[in-house]
Structure formats: C-alpha cells, structure tokens
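**Student:** Can you look at this prediction? I've put the sequence above it.
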Amino acid sequence: MSNLSQVILLDTHIWLWLASGVEKAVSPKLRTLIDNLRPESGVRVSTISLWEIGVLASKNRLVLSPGVKEWVYNAIGATGVDLVDINAEIALESTLLPEGMHNDPADRILLSTAKTSGATLITHDKEILSYAKKHGLPALSI
C-alpha cells in the first residue's frame, strides 16, 4: 500500500457495503485502514455517491430503510466519513480526463475528486482501476 495517500475516497459501492455492514465485501485490510484514517478525517465520500445511491433507490435497484434520505444521513454519521462536494475544479477536471475513460459521469467525478483532492480512490471497479493504472491516477482495490 505504498501508493496510498493519507486520504482515501470511497467509491459508492465500497461506502454502501461499509454502511450496510456487508462484512465480506470490506476486507480486514481496508477496515483497518478506515479505522486508522477516520480520526484524522482521512476517509471521504463524494457527494456524487449520494446521487448514485438516490438514483439506484429511485429505480428500485436498492431498497433502503427507512428511506433514501434518512439512510444516507444515518450512513454518513455511522461511517464517520467526510463529504467532498463537487466544485468547479472537480467538475472541469472530470471533462479533461485522458481518453479511454467511459462516459459514466459519476465515475469521472470520483476519479477527478481523487485527483484534485490528493486522495486515493478505493474501488473494486475493474474499469476504473485499469484506467487509473494506465494514466497514473490514484486508485486502488484493497
């Protein structure tokens, strides 16, 4: 993990698993890292992840109790993450990523958020990981 910064940005699926208590999906190594970085505000989630979760819930691909808004706010508190808002720099950077990145705006926002904030994106998305490795962007699967 020598490429890892002191700040991590959790991909939506990682945060969802963590907040939902899906133990098998969050490795012990990642859980330890999160526990170590959390007191220093080193664990972050992009606000695009809130949007993604809301979209999944609105399409009934994800059922959250008591409801999406309550679930999200409870999950933020329970996981102790800091939110990273999408600002002008992140938005513009997402349009300037090198060729080869698919057009999913949420994935582009996540990569540009990691890049502009000096964070390492933690994801299991093979396409993001391959693209990040090819272009020297900060993303790891642990």
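**Tutor:** Noted; the coordinates are in hand. Numbers count the residues shown, from 1 in each chain.
**Student:** separation between the residue of the chain most remote from its centre and N74?
**Tutor:** For the chain, the residue at maximal distance from the C-alpha centroid (CA atoms, centre = their mean) is P66, at 22.8 Å. From P66 over to N74 the distance is 9 Å, taken as CB to CB, to the nearest Å. For glycine as for every other residue, the C-beta is placed from the backbone atoms N, C-alpha and C.
**Student:** tell me which residues form a beta bridge with L83?
**Tutor:** Here L83 shows beta-bridge partners V45, assigned using DSSP bridges.
**Student:** So for it, what's the pLDDT?
**Tutor:** Note for L83: predicted pLDDT of 96.
**Student:** Now do the contacts for it.
**Tutor:** With contact taken as CB atoms under 8 Å, 6 or more residues apart in numbering, L83 is in contact with 44-47, 50, 76.
**Student:** let's see it at 10 Å
**Tutor:** 44-47, 49-50, 76 (CB atoms under 10 Å, 6 or more residues apart in numbering).
**Student:** How far off centre is stretch 125-134?
**Tutor:** Here stretch 125-134 shows a centroid-to-chain-centroid distance of 14 Å under the convention CA atoms, centre = their mean, to the nearest Å.
**Student:** That should have said stretch 81-97, apologies.
**Tutor:** Counting by CA atoms, centre = their mean, stretch 81-97 comes out at 12 Å from the chain centroid.
**Student:** mind listing what's buried in it?
**Tutor:** 81, 84, 90, 93-94, 97 (16 or more other CB atoms under 10 Å).
**Student:** Stretch 29-39 - what's its average pLDDT?
**Tutor:** For stretch 29-39, the per-residue pLDDT averages 88.
**Student:** any weak-confidence spans in this protein?
**Tutor:** 1-5 (pLDDT under 70).
**Student:** about what we covered before: any of the contacts of L83 buried? List them.
**Tutor:** With burial judged by 16+ other CB under 10 Å, the buried subset of these is 44-46, 49-50, 76.
**Student:** Among the residues you listed, find me the one that's closest to T32.
**Tutor:** Nearest to T32 among the buried ones among the contacts of L83, counting by CB to CB, is R44 at 17.3 Å.
**Student:** Good, wrapping up.
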